[in-house]
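K.L.:
Okay, here's the prediction I keep looking at, along with the sequence it came from:
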Amino acid sequence: MESLYILIPISIILAFLIGYAFWWASKNGQFDDLEGPAHRILMDDDDTSHQLNQDNHH
C-alpha cells in the first residue's frame, strides 16, 4: 500500500511528460507529412536504361 504513494504521483508526472512531448511534437510539425517519405522512396527518379545500353555494347 505504501508503494502506491510513490507510484501514483510518478505515473501522473509521467503522463504529463508524455502529453507535453506529444503536444510539442505536433506543434513543431512532426506529424505534418506522414506519407511523404514513404512515397518518395517509391517514386525514385533513377533512370537505369542508359546503364543497360552500355552493358549490352561491351
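P.N.:
Cool, got the structure.

K.L.:
Which elements pack onto whichever strand or helix holds residue 15?
P.N.:
Assessed by DSSP states H and E, residue 15 sits inside helix 4-27. Applying 3 or more C-beta pairs under 8 Å, 6 or more residues apart in numbering; DSSP states H and E, one finds that helix 4-27 makes contact with no other helix or strand. For the C-beta atoms, the positions are set from N, CA and C on the backbone; glycine is no exception.

K.L.:
Any chance you could list what contacts it?
P.N.:
Applying C-beta atoms under 8 Å, 6 or more residues apart in numbering, the contact partners of helix 4-27 are residue 31.

K.L.:
CA atoms of that helix as PDB?
P.N.:
Taking C-alpha atoms only, helix 4-27 is exported to PDB below (Å, rounded to 0.1, in the frame of the first residue of the first chain):
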ATOM      1  CA  LEU A   4       1.100   3.400  -4.200                       C
ATOM      2  CA  TYR A   5       2.000   6.700  -2.500                       C
ATOM      3  CA  ILE A   6       5.100   6.700  -4.700                       C
ATOM      4  CA  LEU A   7       3.800   5.100  -7.900                       C
ATOM      5  CA  ILE A   8       0.600   7.200  -8.400                       C
ATOM      6  CA  PRO A   9       2.500  10.600  -8.400                       C
ATOM      7  CA  ILE A  10       5.200   9.100 -10.600                       C
ATOM      8  CA  SER A  11       2.600   7.900 -13.100                       C
ATOM      9  CA  ILE A  12       0.800  11.200 -13.100                       C
ATOM     10  CA  ILE A  13       4.100  13.100 -13.700                       C
ATOM     11  CA  LEU A  14       5.000  10.600 -16.500                       C
ATOM     12  CA  ALA A  15       1.500  11.100 -18.100                       C
ATOM     13  CA  PHE A  16       2.000  14.800 -18.200                       C
ATOM     14  CA  LEU A  17       5.500  14.500 -19.600                       C
ATOM     15  CA  ILE A  18       4.200  12.200 -22.400                       C
ATOM     16  CA  GLY A  19       1.400  14.600 -23.100                       C
ATOM     17  CA  TYR A  20       3.800  17.500 -23.300                       C
ATOM     18  CA  ALA A  21       6.100  15.600 -25.600                       C
ATOM     19  CA  PHE A  22       3.200  14.800 -27.900                       C
ATOM     20  CA  TRP A  23       2.000  18.500 -27.800                       C
ATOM     21  CA  TRP A  24       5.500  19.800 -28.600                       C
ATOM     22  CA  ALA A  25       5.900  17.300 -31.500                       C
ATOM     23  CA  SER A  26       2.600  18.200 -33.000                       C
ATOM     24  CA  LYS A  27       3.200  22.000 -32.500                       C
END
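
K.L.:
Perfect, I'm done here.
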